[in-house]
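Asks: Sequence first, then the predicted structure:
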Amino acid sequence: LTYILTVAGATIGFGATWRFPYLVGENGGGAYVLVFCIAMIIIGIPVILVENVIGRKAMTNSVDAFKQKWQSIGYMGLLGSFGIMAYYMVLGGWVLVYIWELTLGNFSLANVVSKEFTHQFFNDKIAFNPLGVGIFTTVFVIINYIILKR
């Protein structure tokens, strides 16, 4: 059960959580969910099984798991993982910006937050403030490092 939850958490991620309801609404509701589930079963299960077989057989890191001829495949996986983590680090920094501003009392969750306020807040605090986002992203990375170091 732990393995299944870990794989599900790694594959679902933030993107699917934020984007999936929008895609369902734009692409036909239940029919889209059915096609999505079938695609995940047809593509997702074989890919996870192959990844597990390669990992158990090689008993090494993803680069060394492939022979010399195919070692570039391992590096591509490593590069892809780095890209995904870079994406999530920035999103984590955004979340810390919102938590920080909420803590300072710059907005309240007790009131309904309008679309205009959200757009203005995002532009002021995130989109046009690269230094602030960089600082909060760095804080997010440090927090993760401290947690994972244990």
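Replies: Sure, I can see it. Note that the coordinates shown come from a computational prediction; the quantities given were computed from them, not determined experimentally.
Asks: buried residues in the lengthiest helix in the chain?
Replies: The longest helix of the chain (DSSP state H) is helix 71-104. Going by neighbour count (16 or more other Cβ atoms under 10 Å), the buried part of helix 71-104 is G74, G77, V90, L91, G92, G93, W94, L96, V97, Y98. To be clear about C-beta, it is placed using only N, CA and C from the backbone, and glycine gets the same treatment.
Asks: ok, of those, which one's closest to Y22?
Replies: L91 (16.3 Å; Cβ to Cβ).
Asks: any idea how far that closest one is from P130?
Replies: 15 Å (Cβ to Cβ, to the nearest Å).
Asks: Show me the domain layout of the chain.
Replies: 1-59, 74-150 (automatic domain parsing).
Asks: just the ones you listed: most buried one?
Replies: Compared across the domains of the chain, domain 74-150 shows the largest average neighbour count, a mean of 12 (mean count of other Cβ atoms under 10 Å).
Asks: pLDDT of it, averaged?
Replies: What domain 74-150 shows for mean pLDDT is 89.
Asks: let's number from 534 now, not from 1
Replies: Renumbered: residue one is now 534, and that last one reads domain 607-683.
Asks: how far does that domain stretch from start to finish?
Replies: Terminal residues of domain 607-683 are spaced 27 Å apart (Cα to Cα, to the nearest Å).
Asks: Please enumerate the strands of the chain.
Replies: Taking DSSP state E, the chain contains no strands at all.
Asks: Minimum distance to F599: which of the domains of the chain has it?
Replies: Among the domains of the chain, domain 607-683 comes nearest to F599, with 4.8 Å by Cβ to Cβ.
Asks: now V557: how far from G577?
Replies: Distance, V557 to G577, by Cβ to Cβ: 18 Å.
Asks: likewise G561?
Replies: 21 Å.
Asks: Ok, V596 next?
Replies: To G577, V596 is 24 Å away according to Cβ to Cβ.
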